[in-house]
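Chemist: return a 3D structure for these sequence lines:
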Amino acid sequence: MGRMTSYVWRVIVTGLCFAVFGVGALVLGLLVFPPLLLVVRDEASRRRRVRAIVHHSFWSFFRFMHRMGGFTFEIVGRERLGRPGQLIIANHPTLIDVVMIIGLTPAGCVVKEALFRNPFVRRVVQAAGYISNDSTGAMIERAAAALRGGDTLVMFPEGTRTRPGEPLAFHRGAASVALQAATVLTPVYITSDPVFLPKHRPWYRVPPTRPHLVLRVGEDLDLEPYRGLPPPRASRLLNDWLQEHYTRALGMAARYNPAQNAACSRTTGTTEGPRLATTDRGVTTS
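Modeler: Sure, this is the predicted structure:
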């Protein structure tokens, strides 16, 4: 397949996938979830079932995009996702990051408030019990309560997708939630080479070559050094350390090509930060 033919095909595939995602969300929101919510009366049980459906639907959609030629991918360490009280944090380079992570584990998620007004997905996020980021204080309170209740929760400390070429900018919300209520804090590092569906780029401007997505689950981070500090200082220090750590970790990842992603990289924090190591257990390469 020639380069131009491949490019045109990926534009078509990307547009088709947007349509499939929207139709799928409407079907779930209008036809699948309403009967389930009526039949299953226990709120916790309903939420678990809805999240399981979303989980399987997202993974099927992600695989559909891959099989249609939208991208290749590699996943490392997925077995470390999905534990009670686990806060999963991730950088946010592409539009489908949440699809990847929720496709790997039926977790809760902090999402943009605008999704609760989106006619295609609002019934899905409501039925799944996802948490809106409309108010920082309320979001932190609801997220902490979810973790204390045994949920697994996904947060993106940037709050929005990374702007290509600009430095990471983390907000303190995820650090505050982690220190208040997380049993474990697990980092996820996502890279896309070349960049795919980034912020402020129309969906039809696909990269010139098929992107390779890598999702790597890191080792749990030790929060104890921060929990003895006053809360505002603790969340600020942890947030600063996480931003610096992700900047270093993603900078190292960018120096490896997809064929080298099986190599292990180890980074350590500063004297005020926890230690972290990435491993290669559970690699799935497609």
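Chemist: now do the same for the residue nearest to Val40 when sequence neighbours are not counted: its pLDDT.
Modeler: Spatial nearest neighbour of Val40, chain neighbours left out: Arg46 (4.5 Å); criterion: C-beta to C-beta, 6 or more residues apart in numbering. For the C-beta atoms, the positions are set from N, CA and C on the backbone; glycine is no exception. Looking at Arg46, its pLDDT is 92.
Chemist: residues in contact with Arg46?
Modeler: Taking C-beta atoms under 8 Å, 6 or more residues apart in numbering, we find Arg46 in contact with Leu36, Leu37, Val40, Ala127.
Chemist: that one: helix or strand, and which one exactly?
Modeler: Applying DSSP states H and E as the criterion places Arg46 in helix 43-67.
Chemist: so how far is that helix off the chain centroid?
Modeler: Taking C-alpha atoms, centre = their mean, to the nearest Å, the mean C-alpha location of helix 43-67 is offset from the chain mean by 14 Å.
Chemist: next, the buried residues of it.
Modeler: Applying a neighbour-count criterion of 16 or more other C-beta atoms under 10 Å, the buried positions in helix 43-67 are 46-51, 53-55, 57-59, 61-62, 64-65.
Chemist: again, but for stretch 149-160
Modeler: Asp151, Thr152, Leu153, Val154, Met155, Phe156, Pro157, Glu158, Gly159.
Chemist: is it true that the third one touches Ala90?
Modeler: No: assessed by C-beta atoms under 8 Å, Leu153 is found out of contact with Ala90, at 11.6 Å.
Chemist: pretty sure Val50 is in contact with Gly129, am I right?
Modeler: Yes: when contacts are counted by C-beta under 8 Å, Val50 is listed as touching Gly129 (7.4 Å).
Chemist: quick check: the two most widely separated of the buried residues of helix 43-67?
Modeler: Arg46 and Met65 (28.6 Å; C-beta to C-beta).
Chemist: tell me the contacts of Asn91?
Modeler: Each residue near Asn91 by C-beta under 8 Å, 6+ apart is listed here: Asp97, Phe156, Pro157, Glu158, Thr162, Leu168, Val188, Tyr189, Ile190, Tyr246, Leu250.
Chemist: who wins on neighbours among these?
Modeler: Neighbour counts for the contacts of Asn91 peak at Phe156, which has 27 neighbours (criterion: other C-beta atoms under 10 Å).
Chemist: with adjacent residues omitted, what lies nearest to Phe33?
Modeler: Ala127 (4.4 Å).
Chemist: so for the one you found, what's the pLDDT?
Modeler: For Ala127, the model assigns a pLDDT of 91.
Chemist: okay, buried residues for stretch 111-124 please.
Modeler: Under the neighbour-count criterion of 16+ other C-beta under 10 Å, stretch 111-124 has Val111, Lys112, Leu115, Val121, Arg123, Val124 buried.
Chemist: the fourth one and Val23 touch, don't they?
Modeler: Okay, so that is Val121. No: at 11.6 Å, Val121 does not count as touching Val23 under the criterion of C-beta under 8 Å.
Chemist: check Val124 and give its pLDDT.
Modeler: 89.
Chemist: residues contacting the strand or helix carrying it, please?
Modeler: Val124 belongs to helix 122-127 when assigned by DSSP H and E. With contact meaning C-beta under 8 Å, 6+ apart, helix 122-127 is reached by 25, 28-30, 33, 36-37, 46, 50, 54, 111, 115-116.
Chemist: quick check: closest non-adjacent residue to Leu197.
Modeler: Using C-beta to C-beta, 6+ apart and skipping the chain neighbours, the partner closest in space to Leu197 is Leu95 (3.9 Å).
Chemist: I meant Arg51, not that one.
Modeler: In space, and not counting its chain neighbours, Arg51 is closest to Pro106: 4.2 Å by C-beta to C-beta, 6+ apart.
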